[in-house]
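*Asks:* Everything below, folded, please.
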Amino acid sequence: MQAIQNIKTGVKNIFITMLELAQVRLEMARIELSQHTRHLVSVLISVLILIVLLFIALMSGLFAINTYFDDPSQRLIAFSSISGIALLFIIISIFVIFNGLKKQRSFMQSTLKEVKLDIATLKQLANHSNSNQ
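*Replies:* Prediction:
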């Protein structure tokens, strides 16, 4: 009778520990999800602001250069320079955005690894309590 009571107590303790660990891991997942969402929103806002500012700057520059130069060859050099500089800024911005998105690939991996470790530990505890009886 004592052995059955010990088994019930052990199973009950393991189940309670499992529930507590699940609760902690779910809270960690919720925090990571909110951080992930905030980061993605900030990246999207940055992209939109970048596009709008790029268009405004290019349009203003084109109108200014068009009224400033009289010689068509000077206009060609100026517009080509503006296009090259704008292309350089676009490439740099794309690299910055992709770098920010690469950080999101590791999203929740640490939490999932810790959950797997918790499950392995609980299995060992369950096997250990079963082998002792």
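
*Asks:* Check whether Ile7 sits in a helix, strand or coil.
*Replies:* Classification of Ile7 using DSSP: H, G, I helix; E, B strand; the rest coil returns helix.

*Asks:* Relative to Ala29, how far out is the closest residue to Val47 other than its chain neighbours?
*Replies:* Of all residues not flanking Val47 in the chain, Ile97 sits nearest, at 6.2 Å (Cβ to Cβ, 6 or more residues apart in numbering). From N, CA and C alone the C-beta is placed, and that goes for glycine too. Distance, Ile97 to Ala29, using Cβ to Cβ, to the nearest Å: 26 Å.

*Asks:* okay, and for this protein, where does confidence drop off?
*Replies:* Counting by pLDDT under 70, the ranges of the chain that qualify are 104-108, 111, 126, 128-133.

*Asks:* all helices for it, in order.
*Replies:* Secondary structure of the chain (DSSP state H): helices located at 2-68, 72-102, 109-132.

*Asks:* Mean neighbour count added to those, as TSV?
*Replies:* Below are the helices of the chain laid out as TSV (neighbours: other Cβ atoms under 10 Å):
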stretch	mean neighbour count
helix 2-68	12
helix 72-102	12
helix 109-132	12
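
*Asks:* List the residues that contact the residue nearest to Val47.
*Replies:* Listed by Cβ atoms under 8 Å, 6 or more residues apart in numbering, the contact set of Ile97 reads Val43, Ser46, Val47.
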